[in-house]
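Chemist: Model the following, please.
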Amino acid sequence: RITPALLDFGTGTNALTLDLRNIGGAYPQDVAEPPVRLLWAVDDEPTWLSVDPEEGWLASARDTQSVTVTIDRTGDAGAYTGFVPVAWSAGTVAVGGTLYVPVIGTITPAVLTLSTDTLDVPDGANFAEFTIENVGQSHLTWSIDTSGFPDWLDVNYDRGLVSDEPFEDAVLINRTGLPA
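Modeler: Down below sits the predicted model:
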């Protein structure tokens, strides 16, 4: 048996747990020698999911194993649906099959934010730092068009990629030839 019957990540949950249980056990009454082991494996899950562990075995009806399923929220924004296929076999007994657990989740679009609306560069300073951050979930590719900048102004980085970690950048000022 696999519980829950549906994994719903919504827009904010990153990891959910599947509990696998051998409800068949061994016959009679879970005392067969050797016990009938239920072997299981997850293979071919959607690329936007990861599973840990990906395989295992349950020795008897008393055995339960938890499997963590994690969504990768750095992909393209949108609603995602799929299945986690859990294949199983009973070892030396000629039975087996695959159970499919439905999975749904939403990756929200990238949202660019800056640490400041204006930069105040102290007298005599040659740079001012600012932070570029993505408060959404999918990857954010950004660029700064410097074509309209005066010759004495530049940026440390004019393009980049931001996922879940903020990116530190700086405006650079060449004060050579500027009035004091």
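
Chemist: I figured Gly105 hits Gly10, correct?
Modeler: Yes: if you go by CB atoms under 8 Å, Gly105 and Gly10 touch, sitting 6.8 Å apart. From N, CA and C alone the C-beta is placed, and that goes for glycine too.

Chemist: Neighbour count for these two, which is higher?
Modeler: Gly105 (25 against 10; other CB atoms under 10 Å).

Chemist: Give the full set of residues in contact with the residue nearest to the more buried one when sequence neighbours are not counted.
Modeler: Spatial nearest neighbour of Gly105, chain neighbours left out: Phe9 (3.3 Å); criterion: CB to CB, 6 or more residues apart in numbering. Counting by CB atoms under 8 Å, 6 or more residues apart in numbering, Phe9 makes contact with 16, 71, 103-106.

Chemist: what do you get if the cut-off is 10 Å, keeping everything else the same?
Modeler: Residues counted as contacts of Phe9 (CB atoms under 10 Å, 6 or more residues apart in numbering) are 15-16, 48-49, 69-71, 73, 80, 103-107.

Chemist: likewise Asp117?
Modeler: Residues near Asp117 by CB under 10 Å, 6+ apart: Phe130.

Chemist: Try it again at 8 Å.
Modeler: Contacts for Asp117 (CB under 8 Å, 6+ apart) come out as none.

Chemist: ok, now the one 3 residues further on?
Modeler: Residues in contact with Asp120 (CB under 8 Å, 6+ apart) are Ala128.

Chemist: counting contacts, what elements does the helix or strand bottoming out on mean pLDDT in the chain pack onto?
Modeler: Across the helices and strands of the chain, the lowest-confidence element by mean pLDDT, DSSP states H and E is strand 93-107, at a mean of 89. If you count contacts as 3 or more CB pairs under 8 Å, 6 or more residues apart in numbering; DSSP states H and E, strand 93-107 packs onto strand 7-8, strand 64-71, strand 78-90.

Chemist: hmm, 10 Å instead?
Modeler: When contacts are defined as 3 or more CB pairs under 10 Å, 6 or more residues apart in numbering; DSSP states H and E, strand 93-107 packs onto strand 2-3, strand 7-8, strand 15-21, strand 38-42, strand 64-71, strand 78-90.

Chemist: Return the most buried member of these.
Modeler: strand 38-42 (a mean of 21; mean count of other CB atoms under 10 Å).

Chemist: Now do the residue most central in space within the chain, the pLDDT please.
Modeler: Closest to where the C-alpha atoms of the chain average out (CA atoms, centre = their mean) is Asp72, at 2.3 Å. For Asp72, the model assigns a pLDDT of 93.

Chemist: just checking, it touches Glu45?
Modeler: No: applying CB atoms under 10 Å as the test, Asp72 and Glu45 come out as separate, 11.2 Å apart.
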